[in-house]
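Peer 1: sequence and predicted structure are below.
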Number of protein chains: 2
Amino acid sequence: MSDHSQAPVAPVGAYEPPYYAAFFSTVRTQDQSGYSETDARMEDLVQEVPGYLGMDHAQTPGGLGITVSYFRDADALTQWRTEVEHRAAQQRGRAEWYQSYTLHVAKVERSSGFTRAGVPWRPAAG
Amino acid sequence: MSDHSQAPVAPVGAYEPPYYAAFFSTVRTQDQSGYSETDARMEDLVQEVPGYLGMDHAQTPGGLGITVSYFRDADALTQWRTEVEHRAAQQRGRAEWYQSYTLHVAKVERSSGFTRAGVPWRPAAG
């Protein structure tokens, strides 16, 4: 859920289906105190979940944010969803940080990737 | 695939599963000539596809863009994927506009929405 604009930018690659993804579209409130610390903590924490594959994030300034988290299977996603600190963060998100959101949990059936010639393409494993 | 930052911002709502979603994460090239016109045309065109439910888009300035298109079923998504003008746009995207992208086509199995009290919540139909 963090802002990756400071990091080298590349989308998470195309894994071999099936795998799972949680698509989280948000509009945030004016009061974002504590958000970035919690966000950074969650990004560390999710990497401890076995089967976690990666995360894409985009944020239109003043507009919609989309975070997509990829997992090897439904169990991995459930483990993340029910993680104690993550649950507390979700609750705080509803209380403070989100004006509205939609969560779509989905099974990826097909995927493909493209990288412009000259840029090394690393097939994703996992 | 358009920039919705000028429109009233709200995520696409939670439809009753199952439905389909195409998740498109992109990094764009420096040369974006013709992109916004094609983007606007595609946004008009996709609305003619029976079973099209809506689209979320977020763009980190200078960073990752994520576009999520929602469809009632796999057939609707296939119809959009193979639409003649859309295919031409995809080809031009690879030739000119995208540095890299990943496409994940997924079946949504579970979804939920949240809107802060005081903001009218319109359940999505479709």
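Peer 2: Perfect, I can see it now.
Peer 1: show me where chain A has its strands.
Peer 2: Taking DSSP state E, the strands of chain A run over residues A:19-28, A:52-59, A:65-71, A:98-115.
Peer 1: output these as CSV; include the columns mean pLDDT, mean neighbour count and distance to residue A:43.
Peer 2: For glycine as for every other residue, the C-beta is placed from the backbone atoms N, C-alpha and C. What follows is the strands of chain A, written out as CSV (pLDDT from 0 to 100; neighbours: other Cβ atoms under 10 Å in any protein chain shown; distance: least, Cβ to Cβ, whole Å):
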stretch, mean pLDDT, mean neighbour count, distance to residue A:43
strand A:19-28, 97, 22, 13
strand A:52-59, 97, 22, 7
strand A:65-71, 97, 26, 10
strand A:98-115, 96, 20, 17
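Peer 1: okay, the ones you listed in TSV with distance to residue B:71 next?
Peer 2: Compiled in TSV, these are given as follows (distance: least, Cβ to Cβ, whole Å):
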stretch	distance to residue B:71
strand A:19-28	14
strand A:52-59	20
strand A:65-71	17
strand A:98-115	12
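Peer 1: quick one, the longest helix belonging to chain A and strand A:52-59 angle?
Peer 2: Selection of the longest helix in chain A by residue count, based on DSSP state H, yields helix A:35-46. Relative orientation of helix A:35-46 versus strand A:52-59 (axes from the mean of the first three to the mean of the last three Cα atoms, to 10 degrees): 160 degrees.
Peer 1: and helix A:35-46, what does it pack against?
Peer 2: In terms of contacts (3 or more Cβ pairs under 8 Å, 6 or more residues apart in numbering or on different chains; DSSP states H and E), helix A:35-46 is packed against strand A:52-59, helix A:84-92.
Peer 1: give me that answer again for 10 Å
Peer 2: With contacts defined as 3 or more Cβ pairs under 10 Å, 6 or more residues apart in numbering or on different chains; DSSP states H and E, helix A:35-46 has these neighbours: strand A:52-59, strand A:65-71, helix A:74-81, helix A:84-92.
Peer 1: dump these into a markdown table; add distance to chain B as well.
Peer 2: As requested, those are arranged in a markdown table below (distance: least, Cβ to the nearest Cβ, whole Å):
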| stretch | distance to chain B |
| --- | --- |
| strand A:52-59 | 4 |
| strand A:65-71 | 4 |
| helix A:74-81 | 8 |
| helix A:84-92 | 10 |
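Peer 1: contacts only, for the closest residue to residue A:94 other than its chain neighbours.
Peer 2: Setting aside the residues directly before and after it, residue A:94 is nearest to residue B:114 in space (Cβ to Cβ, 6 or more residues apart in numbering or on different chains), at 5.9 Å. Residue B:114 makes contacts with A:26, A:90, A:93-94, A:98-103, B:11, B:14, B:121, as judged by Cβ atoms under 10 Å, 6 or more residues apart in numbering or on different chains.
Peer 1: recalculate using a threshold of 7 Å.
Peer 2: Neighbouring residues of residue B:114 by Cβ atoms under 7 Å, 6 or more residues apart in numbering or on different chains: A:94, A:98, A:100-101.
Peer 1: what of residue A:86?
Peer 2: Neighbour list for residue A:86: A:42, A:45, A:80 [criterion: Cβ under 7 Å, 6+ apart].
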